[in-house]
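In: Here is a sequence together with a model predicted from it:
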Amino acid sequence: MKQVNLKIDGKDVTVPADWTVIKACHQNDVDVPHYCYHPDLSIAGNCRICMVGVKGMPRPVVACAQPVAEGMEVSTTGKDVEEARKGVMEFLLINHPLDCPECDQSGECKLQDYSYDHGRDHGRFHEEKVRKSKATMGPHVKYWGSRCIVCTRCVRFTEEVSGGGELGVIYRGDRSEIALFPGKNLDNPLSMNNVDICPVGALVSSDFLFQSRVWHLHSNPSVCADCSVGCNSRVDLDAKNQIKRIVPRQNDAVNKSWMCDHGRLSFDYVHENRLQKPKVHGKDATWKEARRAALDLLSAPGSVALISAWNTNEAMQSIKNFLSSENPSTRIFGYGNTVEADLVFPGFTISGDKNPNCAGMKQVLGIGDANASLKALAAEKDSIGCLLLVNNIPNFQITAELKSILDRSQNVVLLDFATGDLLRYGNVAVALPTLTTFEKSGSFVNRTGLTQTFDAVMEPVTYGMPETEIVAALRGDRVAVGNQR
Amino acid sequence: MSVDMKKMDVHPPRPEMRPSRLSWITRIYIPMILKGMLISLREFMRKPVTIQYPEQKPKVSERFRGEHRLTKDAEGHMKCVACYMCATACPAHCINIEAQAAPPEWDGRDKIPSVFEIDMLKCIYCGYCVEACPKEAIEMTNKVPKVYQTRQEFIYGLNKLLNN
Ligand code: SF4
Ligand code: SF4
Ligand code: SF4
Ligand code: SF4
Ligand code: FES
């Protein structure tokens, strides 16, 4: 792409010729306020807050719709620009209910931010404000019409990314608002992105509604484990170490600015039905006892390790190393959630492979197809000395194949974070509590072959340990860390 | 500006360090003890300034910052919208709020608290919560804080605060 040179606030920059002024500014760390502009959506140019001065132009121009040109001189400050923004802010707030105390967006709202930065400190509008409708757009999204600034980001999202085109603008002028097309419902699997991209509190999440004020949350970066896309996410927790919501982090190589609703909402398993402590033959035990029992069992001849594709590369590698030194005859198989067809939208694809690390399993364990590997093991008939089952799949439902394998195992050592189906099935001799993806660090390889590392976003809620530490404890590198937590 | 190093070197002469000596009248103590007892006697005769709290309540000014009250609007609904501004402003972290959706028939209201607790033991009665409230939903009465037998009773809930 041809490059052009321009000046932004006196600084010389060189950018591709097809960029807009706002993109050139943002990429060079110059802030330009914007509502309707979104880097991953088409340009609408309707909110007019992004005014900047361009030398030679009689009045400020909208930076989001202005292409860069050779020799352009852009100024993002100055009297003209500030006056223009001030005017835009005043108009946007004319019919706004100013109900920040009740609004979930409060604290991360662009209206608040830009009003503070560029607006005036009082309103001059004394007439009656237009009251607009309140609606439930879909199972996860609610709409507060009066707060809407009709930037049409949500409309463009449903057209360009999720593709359903459920939303449109109705009425005109100061009465215009967003509505569902007749007979449609905003129930696509990407619907909650509308909540994120809405710059104000007009579209809010029904799952997060009134749960917390955003300034009471603390956030940590993570990677979604719910499918092989591996969306980059941000996990917001409250002061009680409870996950309150998950939102996307922008990464153009993986998920752009989007994430699916399922990935955002699947965190209940962190707080429910957790395996709190090690169990030996169904009874709570200390790590020391459990370690000894597990070591005894794992040395049995004809043992098999069955590792799910929900495990991190580090977990797989450490277990592989452990087995090859302690009981080299142990064979390793893989399994995972069943793979369905991908869900393809115009601007996003949700993978049908509901495991985060099938690619990592291939790299680390050399198992290309997790479920074929499970089938191969299920087809065998010989009795298994000891089955080391490393599950970590949330809400795992036991399958017939797995049952047949469990049935012919003399002993089962289970590594899992939940007291789910597997533990209930009965013949688990030793169960060692592990941690969910949110509580440990590690890395997954996504389906494009990108290795993504992540860190724990929260304190562990159980006495569990990450698999790598469990292996270290089994080896005796670290004498069973015990009930420290 | 140049500094005159010679001037800076000049220290005032140090006083001779010698333990200060008490006069003999002080050293025999008796007169001093008598003086102290006279003061006690004088105070004993005066009207006491202390009161028998909590049986007796002090008289306080109208503007005294005492126990909180949650106010109600013309329809008798609490004004509070569970915005957490008071809890955010509170330096003692003694306000605990949980929010819920308002009943649909409360016109123009979206959110109300389901839990609103103030721990009167932690509260320092600074009044920041009142200042922070955007809805004039919380105010301070001039009720002097009460005394209870258990800690739990000091945590005032929604009902108690609304009817305080
Ligand atoms: S609902 Fe939000 S995103 Fe949609 S037009 Fe209104 S302000 Fe913009
Ligand atoms: S698309 Fe996949 S990785 Fe992304 S949020 Fe959804 S489940 Fe998670
Ligand atoms: S008076 Fe001060 S310490 Fe007491 S609840 Fe209000 S803000 Fe908190
Ligand atoms: S009392 Fe006032 S500041 Fe506190 S939550 Fe209610 S409305 Fe907000
Ligand atoms: S961001 Fe440029 S007009 Fe809205």
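Out: That came through, no problem. Computed from a predicted model, the values in this text were never measured in an experiment. Numbering: from 1, shown residues only, chains lettered A, B, ... in the order given. Ligands and ions are numbered 1, 2, ... in the order given.
In: what about the helices in the chain?
Out: Looking at chain A here, since you left the chain open. Secondary structure of chain A (DSSP state H): helices located at A:21-27, A:79-94, A:110-118, A:153-160, A:193-197, A:261-265, A:268-271, A:287-298, A:313-326, A:358-365, A:370-379, A:400-407, A:421-424, A:467-475.
In: that's the wrong chain, I wanted chain B
Out: Along chain B, the segments classed as helices by DSSP H run B:5-8, B:24-27, B:30-45, B:85-89, B:128-132, B:158-162.
In: Verify the contact between residue A:437 and residue A:455 for me.
Out: No: using C-beta atoms under 8 Å, residue A:437 is not in contact with residue A:455, being 10.5 Å away. Using the backbone N, CA and C atoms, a C-beta is placed for each residue, glycine as well.
In: overlap in contacts of the two?
Out: Between them, residue A:437 and residue A:455 have residue A:222 as joint contacts when contacts are counted by C-beta atoms under 8 Å, 6 or more residues apart in numbering or on different chains.
In: Compare these two (neighbour count), which wins?
Out: Ranked by neighbour count (other C-beta atoms under 10 Å in any protein chain shown), residue A:437 and residue A:455 place residue A:437 first, with 26 against 12.
In: who touches that one in this structure?
Out: A:222-223, A:225, A:310, A:356, A:454.
In: And the furthest pair within the residues you listed?
Out: For the contacts of residue A:437, the farthest-apart pair by C-beta to C-beta is A:222 and A:310; their separation is 14.6 Å.
In: These two: who's more crowded?
Out: residue A:310 (27 against 23).
In: Could you pull up the residues touching the residue nearest in space to the middle of chain B?
Out: Residue closest to the average C-alpha location in chain B (C-alpha atoms, centre = their mean): residue B:124, at 3.8 Å. Residues touching residue B:124, when contacts are defined by C-beta under 8 Å, 6+ apart, comprise B:91-92.
In: how about the residues of chain B near chain A?
Out: Within chain B, the residues that sit near chain A (C-beta under 8 Å from any C-beta of the partner chain) are B:81-85, B:88, B:99-101, B:109-111, B:134-135.
In: Those residues in strands, which ones?
Out: In strands, defined here by DSSP state E, the members of the residues of chain B next to chain A are B:99-101, B:111.
In: need the contact list for residue 115.
Out: Just so you know, I chose chain A. In this structure, residue A:115 makes contact with A:89, A:93, judged by C-beta under 8 Å, 6+ apart.
In: not quite, I wanted chain B
Out: Counting by C-beta under 8 Å, 6+ apart, residue B:115 has contacts B:96-98, B:157-158.
In: what's the closest of these to ligand 5?
Out: The shortest gap between ligand 5 and any of the contacts of residue B:115 belongs to residue B:97, at 35.5 Å (C-beta to the nearest ligand atom).
In: need the contact list for the closest one.
Out: For residue B:97, the contacting residues are B:82, B:84, B:86-87, B:113, B:115-117, by C-beta under 8 Å, 6+ apart.
In: Kindly report the same for residue A:136.
Out: Neighbours of residue A:136 in contact, by C-beta under 8 Å, 6+ apart: A:142-143, A:206.
In: Identify the bridge partners of it.
Out: In this entry, residue A:136 is beta-bridged to residue A:142, by DSSP bridges.
In: State which one residue of chain B is found closest to ligand 5.
Out: residue B:110 (27.3 Å).
In: For that residue, give me its contacts.
Out: If you count contacts by C-beta under 8 Å, 6+ apart, residue B:110 has them with A:99, A:102, A:144, B:81, B:101-102.
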